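> Here is a sequence with its predicted model. Questions after.
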Amino acid sequence: MNKAKRKTIIAGNWKMNKTPAEAKVLISEMIPLVKDADCDVIACVPFVDLAVALEAAQGTNIKIGAENCHWAKSGAFTGEISADMLKSMGIEYVIIGHSERRQYFGETDVTVNQRVRAALDAGLTVILCVGEQKVEREQGITAELCRMQTKVALQGVTAEEMSRIVIAYEPVWAIGTGLTATADQAEEVCALIRDCIAELYTAEVAEATTIQYGGSMNDANAEELLSKVNVDGGLIGGASLIAEKFAKIVEAASK
Ligand code: 13P
């Protein structure tokens, strides 16, 4: 595998944090700290923060993403946001299938696939999250689980469209727990997801796909995780809310 064939991407997932005023401050703090990054830098922010984040990041190397989108183009879906709405305001990225959506909001592999399709149709790039829960790792079904989540989510996605798919391997037991997967565990699963993509498409598509690790990644452990050949970046929760910490991860990814 040749890491040079794919982009390294460090993305923040702010989750349900930061008001628009706070978002403006955080993006402004990030700008000077990540301006020399040798990787892609994305901040995925709550819907209400998108406009100010876009404005604050304009003309910089920080790209803005959303944290979810609906599968329909429009309609009677109270409280939802469509991929076209995001695209029309200048958003480029959207996280889909985060484990918190699966865990708390009834997201299934099938609805993840529908949202992926809608996002691609709207012209967005998807950060698709997959990952096992603690009990699934203990049962020894991590590989099957991650392969299945990947396969169902990518149903109907063409090889050409894979250039707009980023995969984030996020073991649920490592999210927000301070319990990071070891670099070897992250590498093992990122590698098997890449193999799964090679089976679905081609080795070339697999080699060109960015696969991130997410789950308690921080300024102290990023360098080791990112040193692994199949770990092409990070999806960062808690540490993305502090500009200095996030910037240190970007720095580690730029080495
Ligand atoms: P933490 O970095 O807070 O563990 O969150 C990871 C995550 O869920 C990113 O999407």
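All right, it came through fine. What you are looking at is a predicted structure, and each value in this text was computed from that prediction instead of being measured. Numbers count the residues shown, from 1 in each chain.

> So the one residue in the stretch 101-250 of the chain that gets nearest to the ligand versus residue 54, what's the distance?
Closest contact between the stretch 101-250 of the chain and the ligand, by CB to the nearest ligand atom, is at residue 237 (2.2 Å). (Glycine included, C-beta is placed from N, CA and C.) With distances taken as CB to CB, to the nearest Å, residue 237 is found 21 Å from residue 54.

> again, but for residue 44
12 Å.

> Beta-bridge partners for the closest residue to the ligand within the stretch 1-150 of the chain, please?
Of all residues in the stretch 1-150 of the chain, the one sitting closest to the ligand is residue 13 (3.6 Å; CB to the nearest ligand atom). Beta-bridge partners for residue 13, by DSSP bridges, are residue 44.

> residue closest to the middle of this structure?
When CA atoms, centre = their mean is applied to the chain, the residue found nearest the centroid is residue 127 (3.9 Å).

> could you list every residue that touches that one?
Residues near residue 127 by CB atoms under 8 Å, 6 or more residues apart in numbering: 11, 42, 44, 65, 93-96, 166-168, 212, 235.

> Name the SS class of it, please.
Secondary structure, DSSP: H, G, I helix; E, B strand; the rest coil: residue 127 is strand.

> Over to the spatially most distant residue from the centre of the chain: give its phi and psi.
For the chain, the largest distance from the centre (CA atoms, centre = their mean) belongs to residue 76, which lies 27.9 Å off. Note on residue 76: its backbone torsions stand at phi -80, psi 80 [degrees, to the nearest 10].

> what's the answer for residue 95, then?
Main-chain dihedrals, residue 95, degrees, to the nearest 10: phi -80, psi 140.

> quick one: pLDDT of it?
Here, the pLDDT recorded for residue 95 equals 99.

> ditto for residue 1
Looking at residue 1, its pLDDT is 50.

> go on, the one 3 residues further on?
In this model, residue 4 is scored at 76, pLDDT.

> Let me have the contacts of residue 127 in CSV, adding distance to the ligand as columns.
Output for the contacts of residue 127, formatted as CSV (distance: CB to the nearest ligand atom, whole Å):
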residue, distance to the ligand
11, 8
42, 12
44, 8
65, 11
93, 13
94, 13
95, 7
96, 11
166, 12
167, 12
168, 7
212, 9
235, 4
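
> What separation do you get for the closest residue to the residue of the stretch 101-250 of the chain closest to the ligand other than its chain neighbours and residue 240?
Ranked by CB to CB, 6 or more residues apart in numbering and with sequence neighbours excluded, the top spatial neighbour of residue 237 is residue 13, at 5.3 Å. Using CB to CB, residue 13 is found at 6 Å from residue 240.

> The ligand contacts on the stretch 1-150 of the chain?
Contact residues (CB under 6 Å from any ligand atom) of the stretch 1-150 of the chain with the ligand: 13, 98.

> the helices in the stretch 1-150 of the chain, which residues?
For the stretch 1-150 of the chain, applying DSSP state H, counting those that start in this stretch gives helices covering 20-34, 50-57, 83-88, 99-104, 109-122, 134-138, 142-153.

> And those helices: which comes nearest residue 248?
Taking CB to CB, helix 20-34 is the member of the helices of the stretch 1-150 of the chain nearest to residue 248, at 8.7 Å.

> got the contact list for the closest one?
Here helix 20-34 has contacts from 14, 18, 41, 43, 45-46, 48-49, 51-53, 55-57, 60-62, 241, 243-244, 246-247, 250, using CB under 8 Å, 6+ apart.

> what's the answer for stretch 246-255, then?
Here stretch 246-255 makes contact (CB under 8 Å, 6+ apart) with 8, 10, 12, 30, 33-34, 36-39, 41, 217-219, 222-223, 226, 233-234, 236, 239-240.
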